[in-house]
Structures are given as structure tokens and as C-alpha cells.
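Asks: Output the structure for:
(chains A and B)
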Amino acid sequence: MQNVVSIKKLSKIYDNDFQALKNITLDIKKNEIIALLGPNGAGKTTMISIICGIVIPTSGSVTVDNFDIIKDYRRTRSLIGLVPQELSLEQFEYVFNNVSYTRGLYGKAPNPSLIEKILKDLSLWEKRHSRINELSGGMKRRVLIAKALSHEPSVLFLDEPSAGVDVELRQEMWQVIKDLRNSGVTIILTTHYIEEAEAIADRVAVINKGELLVVDNTSDLVQSMGQKTLLIELHEAVQTLPSKLKGYNLKVLNNGLSISYNYDSSSKQTGITSLLQDMKETGLKLKDIKTEQSSLENIFVELVREN
Amino acid sequence: MNFYAIRAIYFHEMDRMRRTIGQSILSPVISTSLYFIVFGSVIGGMIPELDGVSYGSFIVPGLLMLTLLTQSISNSAFGIFFPKFTGSIYEVLAAPVSSFEIIVGFVGASATKSLIVGIIILFTASFFVELKIQYPLLMLFLLILTCLTFSLFGFLIGLLSNNFEQLQVVPLIIITPLVFLGGSLYTIEMLPEFWQKVSYFNPVVYLINGMRWSFYGASDINIFISVVSLVGFLITCIVGVAIVISKGYGVKT
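Replies: Below you'll find the model as predicted:
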């Protein structure tokens, strides 16, 4: 698939010598939803801000639709929409005027019918004559999205779109994001919520301390880096495991009433059959068996901890 | 050239004036009218003519300059500082807009607001004092040039300010004293010789006297020196803003 954003060896060192990005290289494919995951201060917002022209990179290059973000800034910026993390809005302005203002900034002729459609799609049409300071936090975030869409961008950056948003609105926002992707827009979102990345992202990039740790399809990442766990409940508690079971690297849980066994579900030999056979031979009586798949959250926490 | 962006910024700023009409228009008009009432009509009636005109008429160019300078600076300084303060500057920085277009939008709107206030003040002054403008085209030229120059200066202040205190320092602590001590209410000749010489180091003296010459054809300073001074300051401001904005100082990291 064609790359729409190409980041090559991107680094950023701020004036206070803090290195926010270290040699990041990343390609973003056209019409995908990619989630940038990382803890606070990982460099996600810096990366987005550089691509959008708000922060000046120290080294490296970025192209959007094969145009350089510095040399061809007019072309690249007109392709990009940005929804910032903070609710950065002028509080005394009216919703319709404020969204129309952003369209003008991007060099587009006024188009009231398009603004009407965007506001209706985001359930803001009823509030078009309201001042920004009269809106709820969720509505303000939707105004930011409306502003970002006002010039019909083909690449949309959403910096923490769900921050401070209730569960119902978050679900609505996910649907908006999916609809946008279906209309041909490439979506790059940063998030703290692993659940959000799992729910809507095609690919996930994990960033920590300015370094890109991993980039992969969400499902492949869970498959390749995740582990499956076999949980075995016993009729009677065991204090020490029989010597025959030592080689399985089992964990004794729940005061000896449960045993867990981690295995790679993609390998040919999971070891489950032999484990159950050996348990039978050692006389352990099984009460119940179940399996658990480690989540993206487990993988994320593990990656960040290792880094 | 992104004309739509210039238009968007310009009308966005003009809309701010409409929303805050009391602060933008009424406040400077009322305070200047008070000067005309107190110094022009009440006290001015007891002061002899200066440069062949009544004292009330004499102070019109100075008070006009006082308003133009303070309004131009505060309009554009606030215009660029407020989006920095609220964080909404991000959309200007992320838009396909050049530094030049940003400056034209913000400074153009600020200069327009000041020009509107200046014209209203002139109109208001005509109610209190006898107003004659000997060189109206020159007066209009100086009016526009002053609005543009000091709007650029205010834009520079707004870019460099990190808080509201810094935003107020230059207009209140530097510009207002310079205008009051720059011959807005008196002629330089009225001062002792030492202070006359000191006054010539005050750049505002040249501006006020330039404006006064366009009204009455008489002033303490040659009109050409006044115009050259103003143009010189305009060029200094253009260079200053160009350097600051090209480095991203104050808005980009």
C-alpha cells in the first residue's frame, strides 16, 4: 500500500537539551488508522507537532504525499488536519464562525454548506450559534475535530482524542474516526487508552523515551508478542510441584489451588498435551481448565518496562 | 499567496473588535474626549495661543498620536498574544500560511482598528475645539503610517511577551511617558534649554510634530525629518518582526 507519510531519522532536541525524539523512522500507509502508543513524555505529541509544522525538527526529514514538510509546507499542510490534545479554542467565539475561520486559514474559499454537513455529522449543528465557552468538554473536542475537517484534509492527526471524554462519547468518536477512514482519510492518533488502539487501529506504533519500539498490525502484534496462558484449577492444593513437572516452568497460584502455564500458540509444539499427560501421571486431579490471551496492554507495559 | 488566510485572520481580528466594542472603540474615545474637555475647553480657555492656534486645537495632534500609538500597540500585541495564551495559535502555525501572510492579517486588522478609532477621535474633537487640517492628505498618510508602524511594533511585543505583565510594560511604562513628554500638550520651545535638547532624543517628538505640521503647517521639527523618522522606525519594525518570526521565537519550539 502507498505511503502517505514518511518519517526518516527524525530527531528533536529542545532548547533545555531534552531529547524528545531519537532517530525515528516510520512510514504511514494511505487510508490506514495507526495508533501511536506511549506513556506521558514519550514523544508522541512532538512527532505530530513536527509533521504539522508547529515544532521545528533538529534533524531528519518528513514527507507527506511525497512533499517535504519544510520545503513544500503549503502543500503538505493543506493535506493535514490536526486535532490537538488541549482544548485550545477562543472561548468567546461562535461555533460556526470558528470552524469557518479554520477553513479560511487553510486557503479554502468559504463553503457554508460543507461546514453545515461537518457540524451535522458531529452533532454540533444545533450549537452553531453558541459561544465556545457555552459548550461541554465533549462538544469542544468535537469542535476541534470539525475545525480539523473544515478544509477536507486527506491526513488527520488526532492527539489524545478521547482524553476527558466519557465512555458513550468515546464510542461515538470511534465511529466518527472509522467513518472518516472509510471516506478515504488516513488517521494517525495518539492515545493512552490501549483499548482505543485495539478497537480502531489497523497498526500500532509504540514509542517510549523518544524511541520507536515496535510497529506492527494490531492483531499481528498481539499474536507475535502476546502469550497464551493455560490456567489449571486443582481439586486439592499442592505445596510443591512434583519433580516431573519442573521442566514446564509452571507458576503455582491461589495458595496451590491453581497452576498457570505460558505457551506460544503459534508454535507446533505447545506442550499442553504432554503437560496434561504428566499431570495425570503424577496423580494431580484437575477441576477446571481455561486459557487466556495476553492483551495489547500487557504487551505495551512489557515493552515500555524493558525499554 | 494565501489570500483566503489573510482574509480569515483579518476578519477574525476585526470580529474581536466587534465583540469588544466598548473596550476597542468607546474606551479610547471617551478618555480622549475627557482630555479635550479638561485641557481643551476648561483649562485651554485660560492659555494663550500656541503657534498661532488655540490651546484646545493645539493639543489635538498630540492626543491623536497618543491614542494611535497606544491603540496600535495594544491591538496587535493582544491580537497575537491571546492565541498564544489560549493555545489556539496552533492552527495558524499548522496552516499553509507564510510569516508574511500572518503579519499582513494581524497587523492589517490592528492598523484598521486604530485608524477607525483615530477618525472617530478627530470627529469627536471637532465638537470641543475648532479643527482645521491644512494638509489633509499628509495627515491621512501620517495617520496610516503611524497605525501600521506601531501595529508592527505591537506585534513584535506580542510575539516576545510570555505573560500579560510583559505585554503591558512597553505601552504603559515606555510609550505613554514618551508621548506625554514628547510635546503632545506643549511645544518643545516652552521647555528650558537643557530639556529641549533632551527632548530631541525622544522619538515620539518627531511623530507628534509631524502630525501637528500636517494640521497647522507649523511645528518644532522639520516635516521631512518627522516623516523620515517614522519610515525609519517602520523599517526597523519590519526587520525586527521578520527576524523574530523567521526564528520561530515566541511561537515555535
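Asks: Measure how buried the closest residue to chain B within the stretch 1-150 of chain A is and give me the count.
Replies: At 2.7 Å from chain B, A:Gly104 is the closest residue in the stretch 1-150 of chain A, using Cβ to the nearest Cβ. C-betas here are computed from N, CA, C, even on glycine. Number of residues near A:Gly104 (other Cβ atoms under 10 Å in any protein chain shown) recorded here: 25.
Asks: swap in B:Phe194?
Replies: Around B:Phe194 there are 8 residues (other Cβ under 10 Å).
Asks: swap in A:Ser243?
Replies: 8.
Asks: same check, this time on the one 5 residues further on
Replies: Other residues near A:Tyr248 number 19, with proximity taken as other Cβ under 10 Å.
Asks: Which element, helix or strand, includes the closest residue to it other than its chain neighbours?
Replies: Once flanking residues are discounted, A:Tyr248 sits nearest to A:Leu275: 5.4 Å by Cβ to Cβ, 6 or more residues apart in numbering or on different chains. Following DSSP states H and E, one finds A:Leu275 within helix A:272-281.
Asks: Which strands and helices lie in contact with that helix?
Replies: In this structure, helix A:272-281 makes packing contacts with strand A:228-234, strand A:258-263, judged by 3 or more Cβ pairs under 8 Å, 6 or more residues apart in numbering or on different chains; DSSP states H and E.
Asks: let's see it at 10 Å
Replies: Judged by 3 or more Cβ pairs under 10 Å, 6 or more residues apart in numbering or on different chains; DSSP states H and E, helix A:272-281 is in contact with strand A:228-234, strand A:258-263, strand A:286-293.
Asks: Off-centre distance for that helix?
Replies: In this view, helix A:272-281 has its centroid 40 Å away from the chain centroid, taken as Cα atoms, centre = their mean, to the nearest Å.
Asks: So for that helix, mean pLDDT?
Replies: For helix A:272-281, the mean per-residue pLDDT is 86.
Asks: For whatever residue of the stretch 151-300 of chain A ends up closest to chain B, give me its contacts.
Replies: Nearest to chain B in the stretch 151-300 of chain A, going by Cβ to the nearest Cβ, is A:His151, at a distance of 8.5 Å. Listed by Cβ atoms under 10 Å, 6 or more residues apart in numbering or on different chains, the contact partners of A:His151 are A:77-81, A:102-108, A:111, A:114, B:4, B:95-96.
Asks: Just the ones in strands from those residues, please.
Replies: Using DSSP state E, the members of the contacts of A:His151 that fall in strands are A:80-81.
Asks: filter the contacts of A:His151 to the buried ones?
Replies: Those of the contacts of A:His151 that meet the buried threshold are A:77-81, A:102-108, A:114, B:4, B:95-96, by 16 or more other Cβ atoms under 10 Å in any protein chain shown.
Asks: can you tell me which of the residues you listed are in helices?
Replies: Among the buried ones among the contacts of A:His151, DSSP state H puts A:77-79, A:102-105, A:114, B:4 in helices.
Asks: which of those residues sit farthest apart?
Replies: A:Arg77 and A:Leu114 (18.9 Å; Cβ to Cβ).
Asks: And for residue 193, the neighbour number?
Replies: Picking chain A for this. Neighbours around A:Tyr193, by other Cβ under 10 Å: 17.
Asks: meant chain B, my bad for not saying
Replies: Neighbour tally, B:Glu193, other Cβ under 10 Å: 8.
Asks: Got phi/psi on it?
Replies: phi -60, psi -40 (degrees, to the nearest 10).
Asks: From A:Gly256, how far off is A:Gly271?
Replies: Here A:Gly271 is placed at a distance of 22 Å from A:Gly256 (Cβ to Cβ, to the nearest Å).
Asks: neighbour-wise, which of these two wins?
Replies: Taking neighbours as other Cβ under 10 Å, A:Gly271 and A:Gly256 compare with A:Gly271 leading, 17 against 14.
Asks: does that one really touch A:Leu245, like I thought?
Replies: No. Using Cβ atoms under 10 Å, A:Gly271 is not in contact with A:Leu245, being 11.2 Å away.
Asks: Please name the nearest non-neighbouring residue to B:Leu191.
Replies: Nearest-residue entry for B:Leu191: B:Ser199, 6.4 Å, with adjacent residues in sequence omitted and distances by Cβ to Cβ, 6+ apart.
Asks: From what I see, the one you found and B:Phe180 are in contact.
Replies: No. With contact defined as Cβ under 10 Å, B:Ser199 does not count as touching B:Phe180 (11.7 Å).
Asks: Neighbour count: these two, which is higher?
Replies: Neighbour tally, B:Ser199 and B:Phe180, criterion other Cβ under 10 Å: the higher count belongs to B:Ser199, 17 against 14.
Asks: so what's the backbone phi/psi at that one?
Replies: Reported as degrees, to the nearest 10, the phi and psi values for B:Ser199 are phi -60, psi -30.
Asks: Tell me how far it lies from chain A.
Replies: According to Cβ to the nearest Cβ, to the nearest Å, B:Ser199 and chain A sit 42 Å apart.
Asks: do the same with B:Gly118
Replies: B:Gly118 is 26 Å from chain A, where distance means Cβ to the nearest Cβ.
Asks: wait, isn't that residue in contact with B:Val60?
Replies: No. Counting by Cβ under 10 Å, B:Val60 is not a contact partner of B:Gly118; they are 11.2 Å apart.
Asks: who's more crowded, the two?
Replies: Using other Cβ under 10 Å, the more surrounded residue of B:Gly118 and B:Val60 is B:Val60, with 29 against 23.
Asks: which ones are touching the more buried one?
Replies: B:32, B:35-36, B:40, B:53, B:121-122, B:125-126, B:128-133, B:184, B:211-212, B:215-216.
Asks: Which of these fall in helices?
Replies: Using DSSP H, the subset of these located in helices is B:32, B:35, B:121-122, B:125-126, B:128, B:211-212, B:215-216.
Asks: number of nearby residues for B:Leu26?
Replies: Counted with other Cβ under 10 Å, B:Leu26 comes out at 13.
Asks: ok, A:Ser162 touching A:Gly137?
Replies: No. When contacts are counted by Cβ under 10 Å, A:Ser162 is not listed as touching A:Gly137 (11.6 Å).
Asks: what touches both of the two?
Replies: Listed as contacting both A:Ser162 and A:Gly137 by Cβ under 10 Å, 6+ apart are A:Leu169.
Asks: Those two: who's more crowded?
Replies: Each of A:Ser162 and A:Gly137 has its neighbours counted (other Cβ under 10 Å); A:Ser162 has more, 20 against 13.
Asks: about what we covered before: the residue of the stretch 1-150 of chain A closest to chain B: what's its closest spatial neighbour, skipping adjacent residues?
Replies: Sequence neighbours aside, B:Ala8 is the residue nearest to A:Gly104 in space, at 2.7 Å (criterion: Cβ to Cβ, 6+ apart).
Asks: my guess is the one you found meets A:Pro110, correct?
Replies: Yes. Between B:Ala8 and A:Pro110 there is a contact under Cβ under 10 Å: 9.1 Å.
Asks: joint contacts of these two?
Replies: If you check B:Ala8 and A:Pro110 against Cβ under 10 Å, 6+ apart, the residues they both contact are A:100, A:103-104.
Asks: now the strands for the stretch 51-200 of chain A?
Replies: All strands of the stretch 51-200 of chain A, identified by DSSP state E, counting those that start in this stretch, fall at A:59-64, A:67-68, A:80-83, A:155-159, A:186-191.
Asks: Now distance to B:Met14 and mean pLDDT too, for these, in TSV please.
Replies: As requested, those are exported to TSV (distance: least, Cβ to Cβ, whole Å; pLDDT from 0 to 100):
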stretch	distance to B:Met14	mean pLDDT
strand A:59-64	33	92
strand A:67-68	33	93
strand A:80-83	25	91
strand A:155-159	30	91
strand A:186-191	35	90
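Asks: Turn the ones you listed into a markdown table, including distance to chain B.
Replies: A markdown table is the format used below for the strands of the stretch 51-200 of chain A (distance: least, Cβ to the nearest Cβ, whole Å):
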| stretch | distance to chain B |
| --- | --- |
| strand A:59-64 | 11 |
| strand A:67-68 | 11 |
| strand A:80-83 | 5 |
| strand A:155-159 | 9 |
| strand A:186-191 | 14 |
